[in-house]
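# structure for the following, please:
(one chain, ligands or ions: 2)
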Amino acid sequence: MKEKNPWHTPVTIIITVIGVIAIVALVTVAVLQNRPLLQKYKYGIVLDAGSSHTALYIYEWPAEKDNNTGRVEQTHSCKVKGPGISSYAAAPWKAGESLRDCMREAKLQVPKKRHHETPLYLGATAGMRLLNKEDSSASDLVFKAVEETLQKSPFSFQGARILSGQEEGAFGWVTVNYLDDRLKQGLETTGALDLGGASTQISFVSDNYDGSESPSNAVTFRLYGNDYNLYTHSFLCYGKDQALRMTLAQQTQGSSSEISDPCFHPGYTDTRNYSVLYDSPCVSSRKPQGAPATFIHRGIGNFQQCQAFVKSVFNFTHCKYSRCSFNGVFQPLLQGPFGAFSAYYFVMNFLNLTDTSIHSLETVKEKLTSYCATPWDQLRQRYPDVKIKYLAEYCFSGTYILTLLTEGYNFTSENYSNIKFIKKIKGSDAGWTLGYMLNLTNMIPAEAPDTPILPHASYVSIVSIMAIVIFFLFILSLRPLWPRCSKQPQIV
Ligand SMILES: Nc1ccn([C@@H]2O[C@H](COP(=O)(O)OP(=O)(O)OP(=O)(O)O)[C@@H](O)[C@H]2O)c(=O)n1
Ligand SMILES: [Ca+2]
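Residues are numbered from 1 along each chain as shown. Ligands and ions are numbered 1, 2, ... in the order given. Below you'll find the model as predicted:
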């Protein structure tokens, strides 16, 4: 008699086929339904109109995330040729013109079909703050010129304006902590130190500061369900270019036709114009009477003497609060790690001093002592590709940074290593622009968003495994229906 394979009964074959189809269907639906959709991006553009130059930043984030909560990253940056827009006060149309090349680049970088929905912002900082103070109609004309250019772009232009010092400091802090993923996770935050050409900002969270002492330094945020009381202050005129003017003003009070400057290298000489030097609200009131048209600016390269001049631009005589940084400005006790960017980074990177875990405050002083004393022609030979203006100023700038951090903000040998000199965090530049855009586009929710318990891959794996297990349990549960054991021949 022919032995029949017990699995070949119609019932088991049907159950198996249905089971396999069910598993394939279940897993396919689970994978397809939850598959990350093909990545589409949205874009935002911010122009940082700084005192020394303008830069354009393009940010992108996944389009499919609800309320734009996906991660925002910088995809492109463009440095505008020429000086900052405040330098075009005498020919405002040139300020608008200067932005054209970078706007052209932006058009190529952002996919065409996204152009009209891409917000475009221009924020101006200390250079325009100073121009506005000095000559508000000139500053209005500069804004008119840049607005005309930006309105002509295919992007959704949202306006050009001067940021307050508070905003500049607070948005720099938001950028650093957003990029470090500290806000979403509610981790201890990083303070932000920004050194520009015309102003400098310090922003940090301190347990001793709830905003009641000196409320003008307080910015409160509720981000991802956490409250932050941020201390922030912007010192107008304490960016490195204006600080250099103040230091030179200190040395030229005698109207002399020649000064020997310890902040410049031995052998360095240049002819400077008194009226150009004093043409800034940071020093204009101190222009000496009867000064000649020009003076010879000679370097003598002496760090200690340089630091003495630099110190003289800080005022430590009065403080009506429990503690101050300088110029009578309140500052709570320093707390936590700090990220120092923009000119802090350019200068410390040039001097090879960015790694504060190796280079202590003492080493920084030693390095500056020998660097400032290096003859100018030797430096020119060693760094033929570095812009002369930058190269000439690194001794002053390094000395200024050291003095600002220690004498100004009260960093000590103990907490100096809490500072990290940084340019970028995960590919995006540290600076106020990203924080500014995140704020204006409401991309940081006040409350923590609900997130799925499991990541996508774990979800799919668990669904697949469970489907297979259920299928086998089902087969087992049908055991009573299974044909009798195969060894015994069956009588058909
Ligand atoms: N490789 C570089 C680039 C810039 N700088 C200096 O860094 C300062 C400008 O820093 P930045 O952060 O770009 O200032 P701005 O944003 O233009 O100025 P502000 O924020 O004050 O408006 C200028 O003194 C410039 O000479 C430098 O020393 N080395
Ligand atoms: Ca700046």
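# from the chain, which residue is nearest to ligand 2?
With Cβ to the ion, the shortest gap between the chain and ligand 2 falls at Gly196, namely 3.6 Å. Just so you know, the C-beta spots here come from the backbone N, C-alpha and C atoms, and that holds for glycine as well.
# can you count the residues close to that residue?
Using other Cβ atoms under 10 Å, Gly196 has 27 other residues around it.
# can you pull out the strands in the stretch 51-200 of the chain?
Along the stretch 51-200 of the chain, the segments classed as strands by DSSP state E, counting those that start in this stretch run 54-62, 73-79, 119-124, 156-162, 191-195, 199-205.
# mind putting those strands in TSV, mean pLDDT included?
Below are the strands of the stretch 51-200 of the chain laid out as TSV (pLDDT from 0 to 100):
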stretch	mean pLDDT
strand 54-62	97
strand 73-79	98
strand 119-124	98
strand 156-162	98
strand 191-195	98
strand 199-205	98
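# and of these, who's closest to Ile425?
Nearest to Ile425 among the strands of the stretch 51-200 of the chain is strand 73-79; the distance by Cβ to Cβ comes to 9.7 Å.
# list the neighbouring strands of the closest one plus their orientation.
Paired neighbours of strand 73-79 in the sheet (DSSP bridges): strand 54-62 (antiparallel).
# next, the angle from the strand it pairs with to strand 119-124.
Angle, strand 54-62 to strand 119-124, by axes from the mean of the first three to the mean of the last three Cα atoms, to 10 degrees: 150 degrees.
# grab the CA positions of strand 54-62 and hand them over as CSV.
Output in CSV follows, covering the C-alpha atoms of strand 54-62 (Å, rounded to 0.1, in the frame of the first residue of the first chain):
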residue,chain,number,x,y,z
THR,A,54,28.9,89.0,6.5
ALA,A,55,28.4,85.3,6.2
LEU,A,56,25.5,83.3,4.9
TYR,A,57,24.4,80.0,6.4
ILE,A,58,22.0,77.5,4.9
TYR,A,59,20.3,75.0,7.3
GLU,A,60,18.3,72.0,6.4
TRP,A,61,16.0,69.6,8.4
PRO,A,62,13.9,66.6,7.5
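# quick one: is it near ligand 2?
No. Residues of strand 54-62 contacting ligand 2 under Cβ under 5 Å from the ion: none, with a closest distance of 8.8 Å.
# would you mind listing what in the stretch 101-250 of the chain touches ligand 2?
Counting by Cβ under 5 Å from the ion, the stretch 101-250 of the chain sits next to ligand 2 at Gly196.
# which residues does the nearest residue to Gly165 once chain neighbours are set aside contact?
Leaving aside its sequence neighbours, Gly165 sits nearest to Ser234 (Cβ to Cβ, 6 or more residues apart in numbering; 2.5 Å). By Cβ atoms under 8 Å, 6 or more residues apart in numbering, the residues touching Ser234 are Ala126, Ser164, Gly165, Gln166, Glu168, Gly169, Ser199, Thr200, Gln201.
# need these in a markdown table (columns: neighbour count).
Shown next, in a markdown table, are the contacts of Ser234 (neighbours: other Cβ atoms under 10 Å):
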| residue | neighbour count |
| --- | --- |
| Ala126 | 31 |
| Ser164 | 12 |
| Gly165 | 19 |
| Gln166 | 18 |
| Glu168 | 29 |
| Gly169 | 30 |
| Ser199 | 27 |
| Thr200 | 31 |
| Gln201 | 28 |
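# element containing Lys42, please.
Element membership of Lys42, judged by DSSP states H and E, is strand 41-49.
# then that strand to CSV, C-alphas only?
Output of strand 41-49 as CSV, limited to C-alpha atoms (Å, rounded to 0.1, in the frame of the first residue of the first chain):
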residue,chain,number,x,y,z
TYR,A,41,14.4,68.5,3.4
LYS,A,42,13.2,71.9,4.3
TYR,A,43,15.7,74.8,4.4
GLY,A,44,16.3,78.1,6.2
ILE,A,45,18.9,80.8,5.4
VAL,A,46,20.4,83.3,7.9
LEU,A,47,22.8,86.1,7.0
ASP,A,48,25.1,87.1,9.8
ALA,A,49,25.9,90.7,9.2
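# is ligand 2 contacted by that strand?
No. Between strand 41-49 and ligand 2, judged by Cβ under 5 Å from the ion, nothing touches; the nearest distance is 6.3 Å.
# do stretch 431-450 as well
No. Judged by Cβ under 5 Å from the ion, stretch 431-450 stays clear of ligand 2, getting no closer than 6.5 Å.
# so which residues make contact with that stretch?
Contacts with stretch 431-450, where a contact means Cβ under 8 Å, 6+ apart, come from 44, 46, 48, 57, 59, 61, 66-69, 72, 74, 119, 121, 123, 125, 158, 163, 167-175, 178-179, 183-184, 194, 222-225, 341-342, 428.
# avg pLDDT for that stretch?
Averaging pLDDT along stretch 431-450 yields 93.
# how far out from the middle of the chain is stretch 434-444?
Offset of stretch 434-444 from its chain centre (Cα atoms, centre = their mean, to the nearest Å): 12 Å.
# in the top strand by length along the chain, what's buried?
Longest strand in the chain, counting residues (DSSP state E): strand 226-236. Within strand 226-236, the residues that count as buried by 16 or more other Cβ atoms under 10 Å are Asn226, Tyr228, Asn229, Leu230, Tyr231, Thr232, His233, Ser234, Phe235, Leu236.
# could you list which residues are in contact with the third one?
The one in question is Asn229. Going by Cβ under 8 Å, 6+ apart, Asn229 touches Val205, Tyr209, Asp210, Gly211, Ala218, Thr220.
# may I have stretch 411-424 exported as PDB, CA atoms only?
C-alpha atoms of stretch 411-424 as PDB (Å, rounded to 0.1, in the frame of the first residue of the first chain):
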ATOM      1  CA  PHE A 411      38.500  82.600  34.800                       C
ATOM      2  CA  THR A 412      41.300  81.200  36.900                       C
ATOM      3  CA  SER A 413      44.100  78.500  36.500                       C
ATOM      4  CA  GLU A 414      41.600  76.100  38.100                       C
ATOM      5  CA  ASN A 415      38.700  76.600  35.700                       C
ATOM      6  CA  TYR A 416      40.500  77.700  32.500                       C
ATOM      7  CA  SER A 417      40.400  74.100  31.200                       C
ATOM      8  CA  ASN A 418      36.500  74.300  31.300                       C
ATOM      9  CA  ILE A 419      36.800  76.400  28.200                       C
ATOM     10  CA  LYS A 420      36.800  74.700  24.800                       C
ATOM     11  CA  PHE A 421      37.800  76.800  21.800                       C
ATOM     12  CA  ILE A 422      35.600  75.600  19.100                       C
ATOM     13  CA  LYS A 423      34.700  76.500  15.500                       C
ATOM     14  CA  LYS A 424      32.100  73.900  14.600                       C
END
